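>>> Need the 3D shape of this:
(2 chains)
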Amino acid sequence: MNAVSGAARFSHRFEGLRERLPGARLPWLTALRDGAAATFATLGFPTRRAEAWKYTDLAPIGDAGFDEPLTLLEGSVALPPAGAARAVFVDGRFRADLATLDGLAFSARSLAGALDEVEGPLGALAQPARDAMAALNTMLFEDGLLIDVQDGVDGGVLELLSVATASERPQAFHPRHLIRLGRGASLTIIETAMGTAGAAYLHNPVFEIGLEEDARLTHGRLQQESRAGFHLSTIYARVAGGAVYDNFTLNAGARLVRNEIHVALTGPKGACHMNGAQLIGDGQHADTATVLDHAAPDCASRQTYKTVLAGRARGVFQGRIHVHQAAQRTDGYQMNQALLLSEDAEMDSKPQLEIYADDVKCSHGATVGALDADQMFYLRARGIPEPAAKAMLVEAFLIEAVEQLPEGLLRERLTDAIAGWWQGQEAAA
Amino acid sequence: MLKIDNLSATVDGKAILNGISLEVPNGEIHAIMGPNGSGKSTLSYVLAGRDGYEVTGGSATFNGQDLLAMEPEGRAAAGLFLAFQYPVELPGVGNANFLRTALNSIRKNRGEPELDAMQFLKVARARMAALSMPEDMLKRGVNVGFSGGEKKRNEVLQMALLQPKLAILDETDSGLDIDALKIVADGVNAQRGENFSALVITHYQRLLDYIVPDRVHVLVKGRIVKSGGPEVALELEKDGYASVQEAA
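Residues are numbered from 1 along each chain as shown, chains lettered A, B, ... in the order given. Here you go, the predicted structure:
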């Protein structure tokens, strides 16, 4: 089975589920889903012939034969301890019984229960007509998180936890998350995606994020899916003047992951930070693709991505920065670095700068290398055993990206996740 | 303590050590002097276990153990310490974390309890004060942005913390001004005792004014051509290496 027939399978599922999907009685939503289905039927999954997908082959997703879960899982699910208010999704559906959202200073609720309020915002940024993955999500989403932080409100920290369970048939779920921060509002989201060990599934979330003037969203993402899982996430963020979108993504799990982040800086003095670490081992494929539109003057963007690859891992970083003619005095920086721990690992990186304004400061760099033999010897000559010496150098490699995060729960979670990944590598070695 | 017997080694197929024999008993400090390219640094790397050096003959034992069969960390755990000629920079690794990890690795091997961060700081601060090292050197990346003298002091600090049985000082005097040289020499002399031996590798006699060796060996073309007391170093200072090179 190839990717095209895999896509046809999703189209077929949509035909069967069309009348039963949430919001089926809303004409605008039905029209949106039908349009998305028509687009997806035409486009199918992106193939490596498309420049943006040159290094990532989605054929295994088509081959896996995923089904959307038809019934809400109600049984108990093992969850990691919560560190803050938390919204929980199990197999892509909001679980009110597991959520702790009472007493928040802002509104956070299930999208499926509020669809009659999102005509307009839903699909405004993630436009199915232009993006096959957004089309797939739009056609089949069943739920998601709807967040609205009013002007001037500090929302504190919210955890967004996605848990995938094992099931007889591999499942696909396509949550749609809509996030709006009003003027001067702020929020930290700590998103964790995980799954039962060995479970095969497709988690295909799409985020639409709108930040109004001077709002600030810190969006930490810890992707720790099952090693048999697929994670394809697409984020669209629109950042108004003076607002800040701060994204940090850890890719440590999944058999195949693609994180695509589209950020548009649409007002003066906005800022975007996209940082991340990809820690991948044997048989894993991780692809981070950033698309940054500097559409207004005096905005700043910073990107630092670090990839550590062990075994037969394959890593990809593609970063596109588009500085529009109006975006004078843009300050852009992009750095991506990879550390290869094995000779069988492979890293592809492709920075792309398109600059149409004349007064800009934009720099980028990319490096790929192995552990430094002199550094390893120096540590070992001091009595530090080889595995611990490696761990120190890997941690040192990642620290530049990790240090972008302020001290706090997100940084703790990230540090723990990195340590956990390393222990897993050690155990596998 | 250290017994080297007819040791030969190659680097990239090129013979550098050509049958070195040398014995450093407990509590003694021996100096190895020699012109550039005589194999001094190669000897220190072979003893410490660096990759890329192939031992083609002979042996080296450390307190009866076959040194050459051990991993670098095993040699360190057994009590061998190499002060590097060119200490390596480790950006992103904090000096305090590095020193504590090294010390605890060694302590663990000796069956001693590991030190927590507070206990470590107390020990490290005392050692640093003795070496006139500012405390902020603990916070910086290992050797990152350190001057030549600071790097060498950091080496001696590591030695003072790890308390090795045998220290190999590879041109620890290079790049040091006279004040730094005295501080470094004091750091080494402070370790002197029944259970501490050292192999001081140097090109110049100057360091040996401050670290007075029990024996001096002259290395030329990968072979020891002359051994004797401290007077050998003074003769070399006076006559240069030309005379011993001719003899080789």
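>>> Would you map the helices across chain B?
All helices of chain B, identified by DSSP state H, fall at B:40-48, B:72-78, B:95-110, B:117-130, B:148-162, B:178-189, B:206-210, B:231-239, B:242-247.
>>> among the ones you listed, which is nearest A:Leu140?
With respect to A:Leu140, and counting by Cβ to Cβ, the nearest of the helices of chain B is helix B:95-110 at 48.0 Å. No exception for glycine: its C-beta is placed from N, CA and C like everyone else's.
>>> now for the closest one, which elements pack on it?
For helix B:95-110, the helices and strands in contact under the criterion 3 or more Cβ pairs under 8 Å, 6 or more residues apart in numbering or on different chains; DSSP states H and E are helix A:386-402, helix B:72-78, helix B:117-130, strand B:141-142, helix B:148-162.
>>> wait, which of the ones you listed is closest to A:Thr100?
A:Thr100 lies closest, by Cβ to Cβ, to one member of the helices and strands packed on helix B:95-110: helix A:386-402, at 27.3 Å.
>>> I'd like the helices and strands packed on helix B:95-110 written out as CSV, with mean pLDDT and mean neighbour count added.
As requested, the helices and strands packed on helix B:95-110 are arranged in CSV below (pLDDT from 0 to 100; neighbours: other Cβ atoms under 10 Å in any protein chain shown):
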stretch, mean pLDDT, mean neighbour count
helix A:386-402, 91, 20
helix B:72-78, 96, 23
helix B:117-130, 94, 14
strand B:141-142, 96, 23
helix B:148-162, 93, 22
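>>> quick one, what contacts the residue in chain B that chain A sits nearest to?
Residue of chain B nearest chain A, by Cβ to the nearest Cβ: B:Gly92 (2.9 Å). Residues in contact with B:Gly92 (Cβ atoms under 8 Å, 6 or more residues apart in numbering or on different chains) are A:395-397, A:399-400, B:141.
>>> mind running it again at 10 Å?
Listed by Cβ atoms under 10 Å, 6 or more residues apart in numbering or on different chains, the contact set of B:Gly92 reads A:392-400, A:402-403, B:141-142, B:144.
>>> try A:Val157
The neighbours of A:Val157, taking Cβ under 10 Å, 6+ apart as the test, are A:83-86, A:187-190, A:218, A:220, A:408-410.
>>> ok so, going back, kindly reformat the helices of chain B as a markdown table and extend each row with distance to B:Val88.
Converted to a markdown table, those look like this (distance: least, Cβ to Cβ, whole Å):
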| stretch | distance to B:Val88 |
| --- | --- |
| helix B:40-48 | 13 |
| helix B:72-78 | 13 |
| helix B:95-110 | 11 |
| helix B:117-130 | 20 |
| helix B:148-162 | 9 |
| helix B:178-189 | 18 |
| helix B:206-210 | 22 |
| helix B:231-239 | 29 |
| helix B:242-247 | 31 |
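>>> Out of these, which gets nearest to A:Ser226?
Minimum separation from A:Ser226 across the helices of chain B (Cβ to Cβ) falls at helix B:95-110, 32.8 Å.
>>> what angle separates the closest one from helix A:386-402?
In terms of direction (axes from the mean of the first three to the mean of the last three Cα atoms, to 10 degrees), helix B:95-110 departs from helix A:386-402 by 160 degrees.
>>> CA atoms only: put helix B:95-110 into PDB for me.
Only the C-alpha atoms of helix B:95-110 are listed here, as PDB (Å, rounded to 0.1, in the frame of the first residue of the first chain):
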ATOM      1  CA  ASN B  95      33.600  23.600  36.200                       C
ATOM      2  CA  ALA B  96      32.000  22.800  39.600                       C
ATOM      3  CA  ASN B  97      29.900  20.000  38.100                       C
ATOM      4  CA  PHE B  98      32.900  18.600  36.300                       C
ATOM      5  CA  LEU B  99      35.100  18.700  39.300                       C
ATOM      6  CA  ARG B 100      32.500  17.100  41.600                       C
ATOM      7  CA  THR B 101      31.600  14.400  39.000                       C
ATOM      8  CA  ALA B 102      35.300  13.500  38.700                       C
ATOM      9  CA  LEU B 103      35.900  13.600  42.400                       C
ATOM     10  CA  ASN B 104      32.800  11.400  43.100                       C
ATOM     11  CA  SER B 105      33.700   9.000  40.400                       C
ATOM     12  CA  ILE B 106      37.100   8.500  42.000                       C
ATOM     13  CA  ARG B 107      35.700   8.400  45.600                       C
ATOM     14  CA  LYS B 108      33.100   5.800  44.500                       C
ATOM     15  CA  ASN B 109      35.900   3.700  43.200                       C
ATOM     16  CA  ARG B 110      37.800   4.000  46.400                       C
END
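>>> in it, what's buried?
Applying a neighbour-count criterion of 16 or more other Cβ atoms under 10 Å in any protein chain shown, one finds B:95-107, B:109 buried in helix B:95-110.
>>> Between the contacts of B:Gly92, which sits nearest A:Leu371?
Among the contacts of B:Gly92, A:Leu393 lies closest to A:Leu371 (Cβ to Cβ), at 5.6 Å.
>>> Report the beta-bridge partners for A:Ala108.
With DSSP bridges as the criterion, A:Ala108 is bridged to A:Ile147.
>>> swap in A:Gly319?
Taking DSSP bridges as the rule, A:Gly319 bridges to A:Thr290, A:Pro351.
>>> Next up, the contacts around it.
A:261, A:274, A:288-292, A:303, A:305, A:334-336, A:349-353, A:364, A:366.
>>> May I have the helix or strand harbouring A:Val257 as PDB, with CA atoms only?
According to DSSP states H and E, A:Val257 maps onto strand A:256-265. The C-alpha coordinates for strand A:256-265 follow below in PDB (Å, rounded to 0.1, in the frame of the first residue of the first chain):
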ATOM      1  CA  LEU A 256       8.100   9.300  13.100                       C
ATOM      2  CA  VAL A 257       7.500  12.900  14.100                       C
ATOM      3  CA  ARG A 258       7.000  16.000  12.100                       C
ATOM      4  CA  ASN A 259       6.500  19.300  13.900                       C
ATOM      5  CA  GLU A 260       5.600  22.100  11.600                       C
ATOM      6  CA  ILE A 261       5.400  25.600  13.100                       C
ATOM      7  CA  HIS A 262       4.100  28.500  11.100                       C
ATOM      8  CA  VAL A 263       4.500  31.900  12.900                       C
ATOM      9  CA  ALA A 264       3.500  35.200  11.400                       C
ATOM     10  CA  LEU A 265       4.700  38.400  13.100                       C
END
